[in-house]
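K.L.:
I need the structure of the sequence given here:
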Amino acid sequence: MKKALVFVLGALVLSCGTQKPQTPQSTTPQPSTTTTSKVADVTTFVETITSEELKELLYTYASDDFEGRETGQPGQKKAVQFLRNNYMNMGVAAALPNNNYFQEVPLEITQTPTATLTTNGKTFNYTDDFIAVLGNKDETLTVNNFVFAGYGIESDSYSDYENIDVAGKVVLIKSGEPKDANGNYKISGNKLPSAWSDLNQEFSLKYRKAKEKGVKTLLFYHPDVYHMAVMRYGNNTEKMKLKADTESLSLFLIDTPLAKSLLTHIETENTPRVVNSPVTLSYKSNSKSIISENVLAYIKGSEKPDELIVLSAHLDHEGIKDGEIYNGADDDGSGCVALLEIAEAFKIASKNGMAPKRSILFLHVTAEEKGLLGSQYYTDFDPVFPLENTVANLNIDMIGRVDPKHEKTGDDNYIYLIGSDKLSTELHQISEEVNKKYVGLNFDYTYNDDNDPNRFYYRSDHYNFVKNNIPAIFYFNGTHADYHRPSDTVEKIRYDLLEKRTRLIFHTAWELANRPNRITVDKSN
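P.N.:
You can find the predicted model right below:
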């Protein structure tokens with residue numbers, strides 16, 4: 001799970017051991033022996049998820065041979081090969097054409113850019129006055145004018161883009177949303193703001209709308225966030241981020257002096273228009289490019305194949321630091337092997353004439369520890385399956401241990417659930433009912449509290465689905481003394497609990513995939 005506070009597009013969020021395994025395994029896994037006769041009871045399939053198989057898989061996946069699975073490093077490459085080999089041996093298909101399980105994720109190791117912006121005879125400097133947030137590529141441009149697009153909003157009841165042409169242009173927008181003379185928000189028609197000014201969604205909505213309109217470079221005046229972004233991006237050396245392609249939209253956050261130089265009365269002016277002031281932007285990233293991979297395996301639905309359930313876990317960890325391997329057995333080796341066992345159970349069901357009605361995507365994402373980058377790439381840049389057809393995301397990040405709180409109370413029959421009720425009342429109800437019927441874990445919702453100081457809701461890969469209005473559940477055992485330490489090793493995993501929690505997630509996915517109607521989204525962030 002992501003440890004540091006991260007600034008993710010769509011939200012400003014508070015976003016491996018030295019002991020060698022005792023029973024090292026081959027990196028080429030063997031498929032389980034299963035029956036081929038048709039059966040009618042889901043419990044038959046869930047029983048193929050066993051602590052023995054989970055342990056065998058994890059003793060390889062979190063071994064020293066995988067070198068802590070650092071993003072872009074040789075150990076991570078071994079990890080994705082291991083995952084692919086498992087899916088191939090199980091007969092679970094690749095999600096991409098030509099039997100390809102790997103979605104390439106372009107990344108870069110950042111250095112502080114060399115950048116200036118000049119307008120109206122004044123030159124503004126990087127981090128002092130503006131900062132790159134997303135999609136930024138090397139470029140030098142000079143324009144004689146730019147477009148002020150107000151709040152950068154387009155909705156059914158209000159549009160800043162209605163009478164202006166922004167395609168291929170430099171565009172300036174500001175934070176917030178408009179109100180009428182009575183102080184009501186124009187979009188909602190009352191005193192409640194819409195998602196367009198909600199901190200968790202504003203950046204994503206406004207960035208996507210600008211990209212849809214063909215904007216070339218977006219300057220976003222958001223004074224409440226600018227200095228926080230400088231803290232995140234200002235000392236950019238040796239950090240990892242998604243690499244922009246040549247067609248991507250560059251987004252810069254700008255500070256108040258630059259904003260007022262561009263448009264003197266930006267804080268009170270709302271009417272979109274062309275501003276006849278020259279702008280020269282020079283930006284050189286100074287960064288090093290690398291490629292990592294998401295792993296995507298797929299079982300096609302038998303009746304509603306276009307509707308999709310996504311099960312996710314992050315495949316990366318911390319790598320090697322000061323000569324010590326951070327194996328990440330719990331974080332998130334436990335989630336990755338759980339996905340493999342769940343996939344096997346669904347595949348066995350399919351072979352027995354009980355394929356899921358909806359399609360299932362098994363998504364192992366890279367670079368979670370670097371800022372949820374692999375899942376962000378999938379959702380924001382290259383969703384292999386349309387997001388509007390994605391019914392729900394079940395995200396698994398650390399489910400193999402017991403945290404100090406539950407050790408103290410003696411209750412190890414638990415799992416933390418985060419997010420189940422945030423977007424869909426129905427998802428929450430299904431989750432509860434499935435657990436009561438099949439598994440009987442104690443659900444702990446401590447970290448689901450909106451006021452949770454840990455902000456775990458924003459710190460794992462489900463959040464990139466949530467910010468796209470896709471209901472999600474984040475399954476989590478809580479942190480422990482070995483969290484992000486070289487001591488997070490395989491012999492400390494409770495394989496009995498890992499089995500039980502994995503079976504819960506299978507049952508929940510089974511219900512979501514096979515129920516007559518798609519679950520409804522009846523809430524907003």
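K.L.:
okay, the lengthiest helix in the chain in CSV with CA atoms only?
P.N.:
Criterion DSSP state H: the longest helix present in the chain is helix 495-514. Output of helix 495-514 as CSV, limited to C-alpha atoms (Å, rounded to 0.1, in the frame of the first residue of the first chain):
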residue,chain,number,x,y,z
TYR,A,495,-2.4,-18.4,5.6
ASP,A,496,-5.6,-19.5,7.2
LEU,A,497,-6.8,-15.9,7.3
LEU,A,498,-5.5,-15.3,3.8
GLU,A,499,-7.7,-18.2,2.6
LYS,A,500,-10.8,-17.0,4.4
ARG,A,501,-10.5,-13.4,3.2
THR,A,502,-9.8,-14.5,-0.4
ARG,A,503,-12.9,-16.7,-0.3
LEU,A,504,-14.9,-13.7,0.9
ILE,A,505,-13.7,-11.7,-2.1
PHE,A,506,-14.5,-14.5,-4.5
HIS,A,507,-18.1,-14.8,-3.2
THR,A,508,-18.6,-11.1,-3.5
ALA,A,509,-17.3,-11.0,-7.0
TRP,A,510,-19.4,-14.0,-7.9
GLU,A,511,-22.5,-12.3,-6.6
LEU,A,512,-21.7,-9.1,-8.5
ALA,A,513,-21.0,-11.0,-11.7
ASN,A,514,-24.1,-13.1,-11.6
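K.L.:
Can you name every helix or strand that that helix contacts?
P.N.:
Under the contact criterion of 3 or more C-beta pairs under 8 Å, 6 or more residues apart in numbering; DSSP states H and E, helix 495-514 touches helix 42-46, helix 51-61, strand 304-314, helix 334-351, strand 358-365, strand 390-396, helix 425-434, strand 472-476. All C-beta atoms are positioned from the backbone trio N, CA, C, and that covers glycine.
K.L.:
Now that residue 378 has come up, it's in contact with residue 295, right?
P.N.:
No - at 11.1 Å, residue 378 does not count as touching residue 295 under the criterion of C-beta atoms under 8 Å.
K.L.:
Now for the two: what residues contact both?
P.N.:
Taking C-beta atoms under 8 Å, 6 or more residues apart in numbering as the contact rule, residue 378 and residue 295 both touch 103, 363.
K.L.:
Residue 500 is nearest to which of the helices and strands packed on helix 495-514?
P.N.:
Closest to residue 500 of the helices and strands packed on helix 495-514, according to C-beta to C-beta: helix 51-61, at 8.8 Å.
K.L.:
Just want the angle from that closest one to helix 495-514.
P.N.:
Relative orientation of helix 51-61 versus helix 495-514 (axes from the mean of the first three to the mean of the last three C-alpha atoms, to 10 degrees): 100 degrees.
K.L.:
relative to helix 334-351, how tilted is helix 51-61?
P.N.:
130 degrees.
K.L.:
can you give me the angle the next helix or strand after helix 51-61 makes with helix 334-351?
P.N.:
The helix or strand immediately downstream of helix 51-61 is helix 74-90, counting by DSSP states H and E. Here the directions of helix 74-90 and helix 334-351 differ by 20 degrees (the same axes, to 10 degrees).
K.L.:
What lies in contact with stretch 436-446?
P.N.:
Residues from elsewhere that reach stretch 436-446, judged by C-beta under 8 Å, 6+ apart: 43, 46, 406, 411, 413-418, 431-432, 435, 452, 500-501, 503-504, 507.
K.L.:
Make a PyMOL selection of whichever of those turn out to be buried.
P.N.:
Remark: buried members of the contacts of stretch 436-446, expressed as a PyMOL selection using 16 or more other C-beta atoms under 10 Å:
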select buried, resi 46+406+414+415+416+417+418+431+435+500+501+503+504+507
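K.L.:
returning to what we had before: report the buried residues of the longest helix of the chain.
P.N.:
For helix 495-514, by 16+ other C-beta under 10 Å, it's 495, 497-514.
K.L.:
Quick check: the nearest residue to residue 340 once chain neighbours are set aside vs residue 349, distance?
P.N.:
Among residues not flanking residue 340 along the chain, residue 86 sits closest, at 5.1 Å (C-beta to C-beta, 6 or more residues apart in numbering). To residue 349, residue 86 is 17 Å away according to C-beta to C-beta, to the nearest Å.
K.L.:
what about these two, which has more around it?
P.N.:
When residue 86 and residue 349 are compared for neighbours, residue 86 comes out ahead with 27 against 23, by other C-beta atoms under 10 Å.
K.L.:
thinking again about what came up before, tell me the confidence at the residue nearest to residue 340?
P.N.:
In this prediction, residue 86 carries a pLDDT score of 98.
K.L.:
and stretch 104-117, which residues are buried?
P.N.:
Buried-residue list, stretch 104-117, by 16+ other C-beta under 10 Å: 105, 106, 107, 108, 109, 110, 113, 115, 117.
K.L.:
Lowest pLDDT pick from those residues?
P.N.:
residue 110 (83).
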